[in-house]
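In: A predicted structure for the sequence below; I have some questions about it.
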There are 2 protein chains.
Amino acid sequence: MCQLLGMNANTPTDVMFSFTGLATRADEHKDGFGIGFFEDKGVRVFIDHASARHSAIAELVKTYPIHSDNVIAHIRKATQGRVALENTHPFVRELWGRYWVFAHNGDLKSFHPRLHAAFRPVGDTDSERAFCWLMQELAKAHAGVPEIGELSRTLAELVPELHRHGTFNMLLSNGRALWAHASTNLHWLVRQHPFRTVSLKDDDVRVDFAQATTPNDRVAVIATEPLTNDESWTAFRAGELKVFVDGAPLP
Amino acid sequence: MCQLLGMNANTPTDVMFSFTGLATRADEHKDGFGIGFFEDKGVRVFIDHASARHSAIAELVKTYPIHSDNVIAHIRKATQGRVALENTHPFVRELWGRYWVFAHNGDLKSFHPRLHAAFRPVGDTDSERAFCWLMQELAKAHAGVPEIGELSRTLAELVPELHRHGTFNMLLSNGRALWAHASTNLHWLVRQHPFRTVSLKDDDVRVDFAQATTPNDRVAVIATEPLTNDESWTAFRAGELKVFVDGAPLP
């Protein structure tokens, strides 16, 4: 299985600490990694088919502070599809003049939907097929970019169709909100004032968030497994879909 | 005006030498840069709104050998659109299950086509509008991915529509071929056996390509201005569209 990391913040925030935590798990997840950063409407994605533990690109991401309001990262252990750049998450498509970024952890069995519209997979993973199908169905359901609440309702109708085919832990963002769905393993927390020092579970790294934040900052972090020891992570229920906006889940 | 760099090769080749040459011109072209690398059907794009002369991401591109068969790079001097990530070339869209990468140098006046289909600009440049229109018209002209010759004929019909609105120097690739169109400034050459030492025009860098190549390698390089002193570059004619495959222009 792969590992997911998502970040949604109310102010552009770097994700070096959390990505470092994710990358230490890359020994078992050596079939590539990727990370997409939204900066307002723009997005940049770094992908590599080398392990996040050894890649020069991963090294850049760990050390170069990119400030972003929505981040989706993925380290891959291939289950379907070859180890190739076109099979490396996250995937990006444009819909309604916004970029959409998607990453998936899991395994969909016998999922071969009719993709008759403008979204076709380039690679050969079940994940990219699922993403193209989601984009196609969102495009059919709304004429233009809907409000976040409406999008969440449409996604809540669509996602069970995918979940039916197997494990579907996923992160999706359009740069305004971040949607997260769990079939099996996904955890989240919100960091906000008063910030304090936290330490990574898998690595000898500590950071004092009070040094780098203002009292107004708020950041939600979503990860397959809790990344830190000294914070309280909440597990998603099976089949739960949450949407994060401005660093917190919407009720 | 911006500067373009394209590379099309018959074997995956790194572009560190040519990108270094391009980046030395970034003092006047300080409004961001971007570079897209195809590796088979996959693509990765590095973009930054910092100058290619100072960006940590540009530094990675200059020193980390990414082997690619089609590369499109761009350094930007903003004419239309703010300096923002979503306005940074190259742009990427998916059509017929292939990624398409596009960069433009020039300035299109009063170009506001009807974009009624699946390709909408995210930013506010004339360049991304032109790309979305090209993708829309290609999608209308062909039901599935056509042969390179057919694509070239369709592009030869479409490109004059853009050229009519102003300066349209552009590079476009789907990972199999690279199309280049010049309104004003664009030059090309082919490097092949016997390879020799060449030196960058704007920087004190020399490289002996014989050290890193086999006699079968062939690479076409396309650039706004010649990048080297000791090679013979051919200027495009105004309105000329060329397609490069396996490191050479098709007749």
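Out: Noted; the coordinates are in hand.

In: Next, the closest residue to A:Ala156 other than its chain neighbours: phi, psi?
Out: Leaving aside its sequence neighbours, A:Ala156 sits nearest to A:Leu241 (CB to CB, 6 or more residues apart in numbering or on different chains; 5.5 Å). In short, each C-beta sits where N, CA and C put it, glycine included. Main-chain torsions, A:Leu241, degrees, to the nearest 10: phi -120, psi 120.

In: Help me confirm that A:Leu241 comes into contact with A:Trp179.
Out: Yes - using CB atoms under 8 Å, A:Leu241 is in contact with A:Trp179, at 6.6 Å.

In: quick one: contacts for the residue nearest to A:Ala156?
Out: Neighbouring residues of A:Leu241 by CB atoms under 8 Å, 6 or more residues apart in numbering or on different chains: A:152, A:155-156, A:159, A:179-181.

In: Among the residues you listed, which are located in helices?
Out: Among the contacts of A:Leu241, the members found in helices (DSSP state H) are A:152, A:155-156, A:159.

In: ok, so what distance separates A:Thr213 from A:Arg196?
Out: 10 Å (CB to CB, to the nearest Å).

In: and the two? which has more neighbours close in?
Out: A:Thr213 (18 against 11; other CB atoms under 10 Å in any protein chain shown).

In: Just say helix, strand or coil for the more buried one.
Out: Secondary structure state of A:Thr213, per DSSP: H, G, I helix; E, B strand; the rest coil, is coil.

In: roughly how far apart are it and A:Met16?
Out: The gap separating A:Thr213 from A:Met16 is 14 Å, by CB to CB.

In: again with A:Asp69
Out: A:Asp69 sits at a distance of 15 Å from A:Met16 (criterion: CB to CB).

In: Looking at the two now, which is surrounded by more residues?
Out: Neighbours per residue, other CB under 10 Å: of A:Asp69 and A:Met16, the larger number sits with A:Asp69, 23 against 16.

In: Which residues are in contact with the more buried one?
Out: A:Asp69 neighbours (CB under 8 Å, 6+ apart): A:8-13, A:38-40, A:175.

In: hang on, it in a strand?
Out: Yes - assessed with three-state DSSP, A:Asp69 lies in a strand.

In: Look up how far chain B lies from it.
Out: The spacing between A:Asp69 and chain B, counted by CB to the nearest CB, to the nearest Å, is 12 Å.

In: Can you check what pLDDT the model gives that residue?
Out: With respect to pLDDT, A:Asp69 has a value of 95.

In: what does A:Gly81 give?
Out: So A:Gly81 comes in at 70 (pLDDT).

In: Can you tell me, leaving aside adjacent residues, what's nearest to A:Leu200?
Out: Distance criterion CB to CB, 6+ apart; nearest residue to A:Leu200, sequence neighbours excluded, is A:Gly21 at 4.4 Å.

In: could you point out which element follows the strand or helix carrying A:Ala23?
Out: Using DSSP states H and E, A:Ala23 maps to helix A:16-23. Using DSSP H and E, the helix or strand that follows helix A:16-23 towards the C-terminus is strand A:33-39.

In: Parallel or antiparallel, list what pairs with the following helix or strand past that following strand.
Out: Per DSSP H and E, the first helix or strand lying C-terminal to strand A:33-39 is strand A:42-48. Partner strands for strand A:42-48, per DSSP bridges, with pairing direction: strand A:33-39 (antiparallel).

In: Could I get the CA-only coordinates of the strand it pairs with as CSV?
Out: Once non-C-alpha atoms are left out, strand A:33-39 reads as follows in CSV (Å, rounded to 0.1, in the frame of the first residue of the first chain):
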residue,chain,number,x,y,z
PHE,A,33,6.8,9.6,-5.0
GLY,A,34,5.1,12.9,-5.9
ILE,A,35,3.9,16.1,-4.3
GLY,A,36,1.7,18.8,-5.6
PHE,A,37,1.6,22.3,-4.2
PHE,A,38,-1.1,24.8,-4.9
GLU,A,39,-0.2,28.5,-4.8
